[in-house]
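Peer 1: Got a predicted model here, sequence first, then my questions.
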Amino acid sequence: MPARPAPAPQSAPTRDRDAYFAAAYELLLARGCEAVTVAALCARLGVTKGSFYHHFADMPDFVAAFAERWQEWMTTRVQGYATIADPLLRMEHLQNDLPEILVGADQAIRVWGRTDPVFAVALENVQRLVEEIAFPAIGQILGDRELGVLWGRMSYCVFVGLQLRMEPIDPERFLMAACEANRRIGIGCELVRVDGRLRTKLTHGAAAELAAHPEWRKPDLSCLLTVQPTRPSGDPTPPQRPGPRDREAYFTAAWELLVQRGFDAVTLVAMCDRLSVTKGSFQHHFGSMPQFIAALAEHWERNSNVRLGGYRAQADPMVRLSRMHQQFLGGPDSAGSAWRAWGHVESVVGQALIRVDRNHLDLLSNTLAEVSGDPDLAELLAEITLALLIGLKQPRPDVGPGEAAWMALEWARRILRVHAELHLDRGRVVLVVRDNYRL
């Protein structure tokens, strides 16, 4: 089932539209979405710009055509899974193919979709198709249609989170984590090697396992419908603007632009307009735009590590886990997701994200090791737990506060195997972890 075009041959006899699409895919694979320009496409194909403009009116016309073609490639692949009648076999094929599209060009396209509405629509259409084909199969395997939709969306969030991490997960490690997660929700799963490649093999469904713990029932989410979501954790600055036009004011203005229009909107002119100051004011504080980005990344990293340090200071691992789980609540985080997308095209931001992700992962691993007594397993579970958190904060899959709360609860109970409950505390939804099940 084709997922992507073949590489554009260097001596192709014709330079048709498909050759440009293949060249764009190669550029995405090599250097990300910022590398896809008219000049780079023509250089890769050994043609003049006149050839490009013979096929496409301009760059926006090319992007629209490329997004349409990419959606066609992905649609062909996803529809291929629909032809597999056995739900276990369908999910097995889908799961084993996922490592192939976690990194590279498809990862860059997800980043591209954060700033380009054409690719955003293409990603949304593919996601909808995945939901139509994969989620019913999960419901059949679990013996519960509604739970199947929830776990399908949760799995999709984990996939998105892994795809947007700055440091990609090793494909075999991904399959090890997927196999462990399958087992924890009761789906029989084995790891096997086929032609030297590690694969997961699903063996039976989960209806009996889901009934093993009577308290694992859907919570009453009606109380969440009137509760305001918590402020996203990705924003390191308060929403109010500082009075003086100091460095903090520029950081706040940048974050507001990230929320509204993404990282492409964070420019010297846009920030000065927002603060009603001259370029000289900006240059007085930062000198240049690269120096500002470095200062903003340092500011974000420092605030993020202060937040993680607050969790780390809690001695009781159950209380620590409860507090860390609050990050799952509150729905998408526009600024935080735009910041992460920026990290894939701006190395200073990317390096800050890598360091904070490592710090976050280390804290999660140590906490889960204290809870479970198994450091190796804790590290594996921490990786997919962090991925779920990253995925939940993206505009797509667009998970609302109620669904996010249920996901957090299910994840804590079934994947992390801890007793967990949702409560209202002064109008705020909180998830409380008490103790662990026998692992």
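Peer 2: Cool, the structure landed.

Peer 1: Give the burial count for the closest residue to Ala82 other than its chain neighbours, as a bare number.
Peer 2: Excluding its sequence neighbours, the residue lying closest to Ala82 (CB to CB, 6 or more residues apart in numbering) is Ile133, at 4.7 Å. No exception for glycine: its C-beta is placed from N, CA and C like everyone else's. Ile133 is flanked by 19 other residues according to other CB atoms under 10 Å.

Peer 1: so who does Ile133 touch?
Peer 2: Contact analysis of Ile133 by CB atoms under 8 Å, 6 or more residues apart in numbering lists 78-79, 81-82, 90.

Peer 1: now Glu383
Peer 2: The contact partners of Glu383, by CB under 8 Å, 6+ apart, come to 169, 173, 177, 361.

Peer 1: can you put those residues in JSON lines and add pLDDT and neighbour count?
Peer 2: Conversion of the contacts of Glu383 to JSON lines gives the following (pLDDT from 0 to 100; neighbours: other CB atoms under 10 Å):
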{"residue": "Ile169", "pLDDT": "90", "neighbour count": "20"}
{"residue": "Arg173", "pLDDT": "95", "neighbour count": "16"}
{"residue": "Ala177", "pLDDT": "96", "neighbour count": "21"}
{"residue": "Leu361", "pLDDT": "97", "neighbour count": "18"}
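
Peer 1: Make TSV out of these and add distance to Gly161.
Peer 2: Shown next, in TSV, are the contacts of Glu383 (distance: CB to CB, whole Å):
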residue	distance to Gly161
Ile169	10
Arg173	14
Ala177	12
Leu361	12
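
Peer 1: I'd like the average pLDDT over stretch 278-295.
Peer 2: Throughout stretch 278-295, pLDDT has a mean value of 95.

Peer 1: now swap in stretch 318-337 and tell me
Peer 2: Across stretch 318-337, the per-residue pLDDT values average to 89.

Peer 1: Compute the first-to-last residue distance for it.
Peer 2: For stretch 318-337, the separation between the terminal residues is 28 Å (CA to CA, to the nearest Å).

Peer 1: How about that stretch, which residues are buried there?
Peer 2: Within stretch 318-337, the residues that count as buried by 16 or more other CB atoms under 10 Å are 318, 320-337.

Peer 1: what's the offset of that stretch from the middle of its chain?
Peer 2: In terms of CA atoms, centre = their mean, to the nearest Å, the centre of stretch 318-337 is found 14 Å from the chain centre.

Peer 1: Skipping its backbone neighbours, what lies nearest Ser155 in space?
Peer 2: Ile138 (7.6 Å).

Peer 1: ok, now how distant is Gly331 from Trp342?
Peer 2: Per CB to CB, to the nearest Å, Gly331 is found 21 Å from Trp342.

Peer 1: rewinding a little: between all of the contacts of Ile133, which two are separated the most?
Peer 2: Longest distance between any two of these is 11.8 Å, between Gln79 and Arg90; criterion CB to CB.
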